[in-house]
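Visitor: generate coordinates for the sequence data below:
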Amino acid sequence: MAESTPEAGRSSGVTAQQAAVPVPGAAGSGPISHAIFRLARLHRMYAGQLLRRIGLHPGQELVMMHLWELGAQRQIDLVRLMDSDAATMTRTVRRLEQAGFVRRRPSPTDKRASLIEPTAASHALRREVEQVWSQLEDISTAGLSDGERADALAALERLEHNLVQAAAQPEEPRAER
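Guide: Next up, the predicted model:
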């Protein structure tokens with residue numbers, strides 16, 4: 001199911017130089033935040049390598065996961081579900097549609113809306129996406145015991161909870177400079 005793209009001919013491996021991001025002095029007071037930045041960057045880069053092998057771009061697999069789980073959805077509902085923006089979702093759905101993994105059909109309840117639904121071709125893709133995610137999980141957690149994996153997940157969920165709570169707080173006005 002690999003998609004032929006201009007990127008397909010280039011090496012997309014993560015180099016040692018890309019992996020070794022030095023911690024700038026200004027980030028010294030936020031070592032966990034900088035570690036999250038580095039980890040998220042590398043995780044996305046490696047996920048991108050794996051996903052390109054099956055003809056997807058990063059983020060498209062998440063849209064497909066929701067469609068496989070929930071069935072046909074309005075595009076605006078996908079935007080909300082993924083905490084995305086309309087332009088990004090439009091581009092993602094268009095690419096998935098061009099690849100033959102989704103199709104649009106009129107909404108039976110709203111004449112102005114269309115539903116995005118997975119195609120039969122996408123159901124064959126599901127197994128490949130599950131394998132990519134399993135491989136990504138195994139590589140990301142290599143060398144960790146089951147207990148360490150559970151602890152890492154609990155810590156990440158706590159960090160996520162903290163950020164969700166902080167983001168929900170009204171922003172305080174900044175002092176003028």
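Visitor: OK, contacts around the residue nearest the centre of the chain?
Guide: Here the mean C-alpha position of the chain is nearest to the C-alpha of residue 59 (C-alpha atoms, centre = their mean), at a distance of 3.9 Å. When the contact criterion is C-beta atoms under 8 Å, 6 or more residues apart in numbering, the partners of residue 59 are 82, 88, 92. Any C-beta I mention is one placed from the backbone N, CA and C, and that applies to glycine too.
Visitor: go again using 10 Å as the cut-off
Guide: Residue 59 makes contacts with 44, 47, 48, 51, 82, 84, 88, 89, 91, 92, 95, as judged by C-beta atoms under 10 Å, 6 or more residues apart in numbering.
Visitor: for residue 107, give me its contacts.
Guide: Taking C-beta under 10 Å, 6+ apart, we find residue 107 in contact with 72, 74, 113, 114, 115.
Visitor: how far away is the residue nearest to the centre of the chain from residue 51?
Guide: Here residue 59 is placed at a distance of 9 Å from residue 51 (C-beta to C-beta, to the nearest Å).
Visitor: before we move on, what about residue 163?
Guide: Applying C-beta to C-beta, the value for residue 163 to residue 51 is 25 Å.
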